[in-house]
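Undergrad: no sequence on this one, just coordinates:
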């Protein structure tokens, strides 16, 4: 297995015992084995066994991902793949929770101390109610989801997410789990070199993995990360201080923020959209437009819409919907996001999709945990449908708010 990186250490991560670390590494390695040894066998099984059987029974070939799923779920090889993948997902969270539960009181006190050292803001409104589409389900099987709080000043959701996501991505997002944010920052620097936002908003930031790179890219900007999970936000603020990249964080719903009209020059999100409901997405787009200043940019980074890929690839990626507690994954990727942006007030000719190459495929010299050898191993590798960040890049939806009395640049 290609094990690119080890997670970078910081003061808010729990210390794992030998047994805990071994379980976590096994969970990560099992995911890698499934991706490299089991997943590649699905397509030949589909082409050589499932398609001929489907044609005999239906008089035609499968036409879409729904046809493919109905046929594949009866196949024993697919059943092995899907069940093992689910077991690996549950195991990575279980192995992470062990460390967190054992050290939670100390982690809470450490978070308080770190946040108290910072002049940046941590806003946790009294009586905040997270939306049910987030609170009612353990998204991607994470125990308790993003919003559960088990004690006062809880940070457990954030700690579990920070470590668990590293295991889930098998190291492909780098030692700080920040590849998506770094990738979008690199994209902006390359394609909009004169763009210098004064204020930046990261919607659905969870623990700030993708938020902190904007502090490096735009050191003079006022930066806010918002999320509906209180434990995630508390942890994000303390984690930022621990890593020397201080950012403002608030528990807030991206559908309806408390910021003034036109306050931000850049509104971003990173894998937020596929974890929101079909009713929430239009509101998030409209809120993005509202809080943007004229000439400002909205960038939502996620995975590609289904209409950009063949039906078999759609089927593979849609397994997240069926087997990983991602109920909005498939529905989101069927939506016309360009139309949603237009409906929110962005001119249609100012909205487009593009790809931001993964930052670990670009220059990483001097970054913690990176090396030329590990960078080249990822850059040279062919990503297979169904893996994390298939294709080695992030799909970005970009929209620009018109300048007052001027056409869009």
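TA: Yep, it's here. Just so it is clear, the structure is predicted and the values come from calculations on it, not from any experiment.
Undergrad: helices or strands next to the helix or strand hosting residue 312 in the packing?
TA: For residue 312, the host element (DSSP states H and E) is helix 311-317. In terms of contacts (3 or more C-beta pairs under 8 Å, 6 or more residues apart in numbering; DSSP states H and E), helix 311-317 is packed against helix 65-72, helix 329-334. C-betas here are computed from N, CA, C, even on glycine.
Undergrad: can you list contacts of the longest one?
TA: Contacting residues not belonging to helix 65-72 are listed as 42, 46, 50-51, 53-54, 62, 78, 306, 311-312, 314-315, 318, 322 [C-beta atoms under 8 Å, 6 or more residues apart in numbering].
Undergrad: quick one: distance of it to the chain centre.
TA: Relative to the chain's own centre, helix 65-72 is displaced by 27 Å; criterion: C-alpha atoms, centre = their mean, to the nearest Å.
Undergrad: just checking, next helix/strand downstream of that helix?
TA: By DSSP H and E, the next helix or strand past helix 65-72 is helix 76-116.
Undergrad: hang on, the earlier thing: quickly, which of the helices and strands packed on helix 311-317 bottoms out on average pLDDT?
TA: Of all the helices and strands packed on helix 311-317, the minimum mean pLDDT falls on helix 329-334 (a mean of 86).
Undergrad: list the buried residues in that one.
TA: Of the residues in helix 329-334, 329, 330, 332, 333 count as buried by neighbour count, 16 or more other C-beta atoms under 10 Å.
Undergrad: Serialize those residues to CSV and add fields for distance to residue 231.
TA: Listed next are the buried residues of helix 329-334 as CSV, based on distance: C-beta to C-beta, whole Å:
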residue, distance to residue 231
329, 23
330, 28
332, 25
333, 28
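Undergrad: what packs against the helix or strand where residue 356 lies?
TA: Element membership for residue 356 (DSSP H and E) is strand 351-357. When contacts are defined as 3+ C-beta pairs under 8 Å, 6+ apart, strand 351-357 packs onto helix 179-191, helix 337-343, strand 393-400.
Undergrad: before we move on, back to that, which pair in the contacts of helix 65-72 spans the largest distance?
TA: Distances among these were taken as C-beta to C-beta; the most separated pair is 53 and 306, at 24.5 Å.
Undergrad: roughly how far apart are residue 315 and residue 271?
TA: Residue 315 sits at a distance of 20 Å from residue 271 (criterion: C-beta to C-beta, to the nearest Å).
Undergrad: next one: residue 208
TA: 13 Å.
Undergrad: so these two - more neighbours on which side?
TA: residue 208 (32 against 18; other C-beta atoms under 10 Å).
Undergrad: apart from its chain neighbours, what residue comes closest to that one?
TA: Closest residue to residue 208 apart from its sequence neighbours, by C-beta to C-beta, 6 or more residues apart in numbering: residue 236 at 3.8 Å.
Undergrad: for the nearest residue to residue 359 once chain neighbours are set aside, give me the pLDDT.
TA: Excluding its sequence neighbours, the residue lying closest to residue 359 (C-beta to C-beta, 6+ apart) is residue 182, at 3.8 Å. Note on residue 182: pLDDT of 96.
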